[in-house]
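Asker: I would like to see how this sequence folds:
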Amino acid sequence: MAGTVSSREVILPAIIAHADWGKDPRKRQVATARIRVGARGETRYVVDSLGPAREVENADGGLLHDLRAEALPGQLMIGFDFPIGLPLAYASAAGIASFPQFLGVIGAPPWDEFEVVARRPEEITLHRPFYPGAPGGASREHLRRALGLTETELRRRCEGNDAETLFWTLGSKQVGKGALAGWRLLAAAQRDPGIALWPFAGSLPDLLDGGSRMVAAETYPREYYQYARTPGPSHTRWSKRRRADRLALVPGILAWAGTLGVGWDRRIRDRVGAGFSGGPNGEDEFDAVIGLLAMISVVTGALPPGEARDDPAICTVEGWILGRPASSASKRDAGLYRLLLRFAKIRSHSCRLEFMARVVGVTSRSVP
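Answerer: Residues are numbered from 1 along each chain as shown. Below is the predicted model of the structure:
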């Protein structure tokens, strides 16, 4: 086994990465954190890179290949903010029993047109569910009628009502086209060098075992904004697209990182302090870092993963958003975490909550 750092029976991965993903490859940004050992033997994650994802059309090069090589002999965990799973009602109607297995047959009959976005209502089928290809007369009713599913049935349980439905591909909130690109990457990684998809392949303690297998999870940065907000009322409508609005959350981001004991490469810390880049990629950098801190919160035990492991649908076809509470117990834990972060931000930006510091040791083999 490559490492011995444990937290709630999880061996902390050598590298945690979070990719803010979208249909436009030019806006895909990746933030990474690595386990480091201090002069006195203390261990912590350090956010040491933030930048564009390399071309990642397959697993032979680019993002996954490079990060996995850097993590060895430790483990890599990566999060993507695109859906990793299918709505249960759709999967049942289409005869799909396992999402990970389904990834391997996309492109082969009868799924050879699955990735082709339908332009007209009459082109929508269970084997070609993404719609519309372009604006102009398109209606969500077209999608519901052609697939024979209600709006609720087109959503996964973890999505609630605040995320766009998977198959609708129009508007700024659409996720379908980004998901298709991401699924191609995951399908290639399943073949070589191998990747485990949470929660399908098991719980985090099952998957984060210190081995060489990559672990991928779905994230949703908007779910995590609550942990970066500073106390006090908001008097304006906040938008991550405005640098001034991102700047307002910088104290909360740094305080959140402080409670986790997370360090920063100076250049990344300066970019965060400036509200991230001023260009069109600033919002993507912001989400990449927010998602990374949420992943660290879950892996170190500060936040519960959230999935209901007693629900077979979640572990076979639907999947789950990492850190989004499903049960009343995990909702209670998330609420307590918000209160503790609020207290930490009021008291001191450098306050560290002891229950979060569950790292008990590390070997040189765990540190890249």
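
Asker: tell me where the model's unsure across the stretch 251-368 of the chain.
Answerer: Flagging of the stretch 251-368 of the chain using pLDDT under 70 yields the residue ranges 327-337, 340, 342-368.

Asker: would you state the helices of it in chain order?
Answerer: Counting by DSSP state H, counting those that start in this stretch, the stretch 251-368 of the chain has these helices, from start to end: 266-273, 282-299, 312-313, 328-347.

Asker: buried set for the second one?
Answerer: Which is helix 282-299. Residues 282-299 are the ones in helix 282-299 that count as buried (16 or more other CB atoms under 10 Å). In short, each C-beta sits where N, CA and C put it, glycine included.

Asker: spatially central residue in the chain, please.
Answerer: The geometric centre of the chain, computed from its C-alpha atoms, lies nearest to Thr219 (CA atoms, centre = their mean), at 2.3 Å.

Asker: if I look at that residue, how far off is Ile78?
Answerer: When CB to CB, to the nearest Å is applied, the distance between Thr219 and Ile78 equals 10 Å.

Asker: setting the sequence-adjacent residues aside, check what's closest to the residue lying farthest from the centre of the chain.
Answerer: For the chain, the C-alpha lying farthest from the average C-alpha position belongs to Glu122; by CA atoms, centre = their mean, that distance is 33.9 Å. Of all residues beyond its chain neighbours, the one nearest Glu122 is Ala146 (7.9 Å), with distances taken as CB to CB, 6 or more residues apart in numbering.

Asker: check the secondary structure at the one you found for me.
Answerer: Judged by DSSP: H, G, I helix; E, B strand; the rest coil, the three-state class of Ala146 is helix.

Asker: what's the burial count for it?
Answerer: Look at Ala146: counted by other CB atoms under 10 Å, it has 19 neighbours.

Asker: the helices in the stretch 51-200 of the chain, which residues?
Answerer: 63-71, 88-94, 99-103, 140-147, 176-191.

Asker: average pLDDT for stretch 219-238?
Answerer: Mean pLDDT, stretch 219-238: 82.

Asker: what residue ranges in the stretch 101-250 of the chain score low on pLDDT?
Answerer: Within the stretch 101-250 of the chain, the ranges that satisfy pLDDT under 70 run 193, 231-235.

Asker: how far away is Ile106 from Ala187?
Answerer: Relative to Ala187, Ile106 is positioned 7 Å away (criterion: CB to CB).

Asker: neighbour count winner among those two?
Answerer: Ala187 (19 against 14).

Asker: tell me the contacts of that one?
Answerer: 103-104, 106 (CB atoms under 8 Å, 6 or more residues apart in numbering).

Asker: ok, it to Leu63 distance?
Answerer: As judged by CB to CB, Ala187 and Leu63 stand 15 Å apart.

Asker: ditto for Thr236
Answerer: Summarising the geometry, the distance separating Thr236 from Leu63, computed by CB to CB, is 36 Å.

Asker: same drill for those two, tell me which one is more crowded.
Answerer: Counting neighbours by other CB under 10 Å for Thr236 and for Leu63 shows that Leu63 has the greater number, 20 against 9.

Asker: which ones are touching that one?
Answerer: For Leu63, the contacting residues are 19, 30, 53-54, 56, 185, taking CB under 8 Å, 6+ apart as the criterion.

Asker: please enumerate the strands of the stretch 101-250 of the chain.
Answerer: Across the stretch 101-250 of the chain, reading from the start of the chain, the strands by DSSP state E, counting those that start in this stretch fall at 195-197, 214-218.

Asker: related to what we said a few turns ago, make a markdown table from the contacts of Ala187 and add distance to Arg26 to it.
Answerer: As requested, these are exported to a markdown table (distance: CB to CB, whole Å):
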| residue | distance to Arg26 |
| --- | --- |
| Leu103 | 25 |
| Gly104 | 29 |
| Ile106 | 24 |
